[in-house]
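[1] the following block contains a protein sequence and its predicted model.
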Number of protein chains: 2
Amino acid sequence: MLLRPIGRVESSLSERAEAPRQPDEGAPPAVLVFDGSVAAALAGLAVGAEIVLITWFDRASREVLTVHPRGDTDRPPTGVLATRSPDRPNPIGLHTVRITAVDGTRVAVDRLEALDGTPIVDVKPVLGGISTR
Amino acid sequence: MLLRPIGRVESSLSERAEAPRQPDEGAPPAVLVFDGSVAAALAGLAVGAEIVLITWFDRASREVLTVHPRGDTDRPPTGVLATRSPDRPNPIGLHTVRITAVDGTRVAVDRLEALDGTPIVDVKPVLGGISTR
């Protein structure tokens, strides 16, 4: 089960310490830069659409099984599968974002908490107009 | 970027032809059977919770870049990243499901369109109580 990057995130965020834990906590806009090899797969992604972006947290730890939610050691440890921690057995990131511009294989989105250079692995439409935000 | 299965889907669905395209189109209940190695990561998953299940469509084609939505050849071809087709460069499945029972590393869910044996790669809580359904 080998993932291949189909693009990369371009963002002003470069360090994990400066990334917000959730997108509504100050995440900046970003650009999704797709490989030319998947250009045809982008047909139909339009400005205004809300999409689920799937990334690979390449700077996360895969060995962590429990965390204190939001890093608060007063809270009991919780299994990582019951949290949104980037540290997890398969460090997949899910991000609901809105497309603000499309220029060839460059797709701008409104706000994203992923770091600059994060590999993109998939994009899916949000069905029914209901978001995970 | 190597995914490792952390469990498998147990389902009455065994053929792609019998799987519904969307979970609200007749998907049956299923059981998520996790590996013992990730048991600690499940702590906090509770009956009644809505979760996002992430799977690997191991019977999908990774070469397909465009599809006719819902297989309807009267509709123009659309990029797979603008659809929920299982055929895509990285065949990741996203499923919003509700937990109906937890028994050790066996987690029962209300309805799931994934086939029996499908590898599980991640689980995340739905934040804000808003679903992708």
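    Good, I have the coordinates. Numbering: from 1, shown residues only, chains lettered A, B, ... in the order given.
[2] what about A:Val38, is that helix, strand or coil?
    helix (DSSP: H, G, I helix; E, B strand; the rest coil).
[3] roughly how far does A:Glu15 sit from A:Pro28?
    13 Å (CB to CB, to the nearest Å). In short, each C-beta sits where N, CA and C put it, glycine included.
[4] what's the local residue count around A:Pro69?
    15 (other CB atoms under 10 Å in any protein chain shown).
[5] and A:Pro5, how close does it get to A:Val33?
    For A:Pro5, the distance to A:Val33 - CB to CB - is 11 Å.
[6] neighbour count winner among A:Glu15 and A:Pro28?
    A:Pro28 (15 against 9).
[7] can you give me phi and psi for that one?
    Main-chain torsions, A:Pro28, degrees, to the nearest 10: phi -80, psi 170.
[8] roughly how far apart are the residue lying closest to it once chain neighbours are set aside and chain B?
    Closest residue in space to A:Pro28, ignoring its immediate chain neighbours: A:Ser12 at 5.2 Å, by CB to CB, 6 or more residues apart in numbering or on different chains. With distances taken as CB to the nearest CB, to the nearest Å, A:Ser12 is found 24 Å from chain B.
[9] count the residues that sit near A:Ser12.
    10.
[10] mind listing what it touches?
    For A:Ser12, the contacting residues are A:28, A:30, A:116, by CB atoms under 8 Å, 6 or more residues apart in numbering or on different chains.
[11] what's the angle from the longest strand anywhere in chain A to strand B:92-103?
    Longest strand in chain A by number of residues, with DSSP state E as the criterion: strand A:92-103. Relative orientation of strand A:92-103 and strand B:92-103, computed by axes from the mean of the first three to the mean of the last three CA atoms, to 10 degrees: 150 degrees.
[12] averaged pLDDT, strand A:92-103. What do you get?
    Mean pLDDT, computed over strand A:92-103, is 96.
[13] below-threshold pLDDT in chain A: ranges please.
    Scanning chain A with the threshold set as pLDDT under 70 gives A:23, A:127-133.
[14] let's see 50
    Counting by pLDDT under 50, chain A has low-confidence residues at A:129-133.
[15] all strands of it, in order?
    Under DSSP E, chain A gives strands at A:7-10, A:30-34, A:50-56, A:66-67, A:78-79, A:92-103, A:106-109, A:119-125.
[16] what about those strands, which gets the closest to B:Ala43?
    strand A:78-79 (3.7 Å; CB to CB).
[17] paired strands for the closest one, with orientation please.
    strand A:66-67 (antiparallel) (DSSP bridges).
[18] what residue in chain A is the furthest from its centre?
    Most distant residue from the mean C-alpha position of chain A: A:Asp74, 27.9 Å away (CA atoms, centre = their mean).
[19] list the contacts for that one?
    Contacts of A:Asp74 (CB under 8 Å, 6+ apart): A:His68.
[20] mind checking how far it is from A:His68?
    Counting by CB to CB, the gap from A:Asp74 to A:His68 is 8 Å.
[21] ditto for A:Arg59
    In terms of CB to CB, A:Arg59 sits 20 Å off from A:His68.
[22] do the same with A:Ala43
    Counting by CB to CB - A:Ala43 and A:His68 are separated by 44 Å.
[23] can I get stretch A:45-63 as CSV, trimmed to CA atoms?
    Extracted C-alpha coordinates of stretch A:45-63, given in CSV (Å, rounded to 0.1, in the frame of the first residue of the first chain):
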residue,chain,number,x,y,z
LEU,A,45,-12.7,21.4,-9.5
ALA,A,46,-14.1,24.9,-9.5
VAL,A,47,-13.8,28.1,-7.6
GLY,A,48,-16.2,28.2,-4.7
ALA,A,49,-16.3,24.4,-4.2
GLU,A,50,-15.6,22.9,-0.8
ILE,A,51,-13.3,19.9,-1.0
VAL,A,52,-11.7,17.4,1.4
LEU,A,53,-8.0,17.6,1.0
ILE,A,54,-6.0,14.5,2.0
THR,A,55,-2.4,15.0,2.9
TRP,A,56,0.5,13.0,4.4
PHE,A,57,1.9,14.5,7.6
ASP,A,58,5.5,13.7,6.7
ARG,A,59,6.8,15.3,9.9
ALA,A,60,4.6,13.2,12.3
SER,A,61,5.6,10.3,14.5
ARG,A,62,4.0,6.9,13.6
GLU,A,63,4.9,5.3,16.9
